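A.B. asks: Below is the sequence, then the predicted model.
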Amino acid sequence: TLYNNTGPVSQWGAWGLREYAGQPIAETPKLKAANEYKAVN
């Protein structure tokens, strides 16, 4: 389940696919994996 597109890391975890808008894809392993999954399925 994907909870948030963008959200900072907090004491409760990292729920966003990226930490901030405009973050380079190379720094966002969750977003990269979601995009690869979307491309295959």
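C.D. replies: On my side now, so go ahead. Numbering: from 1, shown residues only.

A.B. asks: Tell me what the nearest residue to Thr28 once chain neighbours are set aside is bridged to.
C.D. replies: What sits nearest to Thr28 in space, not counting adjacent residues and going by C-beta to C-beta, 6 or more residues apart in numbering, is Arg18, at 4.3 Å. Placement of C-beta: from N, CA and C, glycine included. Counting by DSSP bridges, Arg18 is bridged to Thr6.

A.B. asks: residues contacting Arg18?
C.D. replies: Asn5, Thr6, Glu27, Thr28, Lys30, Leu31 (C-beta atoms under 8 Å, 6 or more residues apart in numbering).

A.B. asks: and the third one, how many neighbours?
C.D. replies: Same thing as Glu27. 11 (other C-beta atoms under 10 Å).

A.B. asks: distance of it from Asn4?
C.D. replies: Plainly put, Glu27 is 16 Å away from Asn4 if you go by C-beta to C-beta, to the nearest Å.
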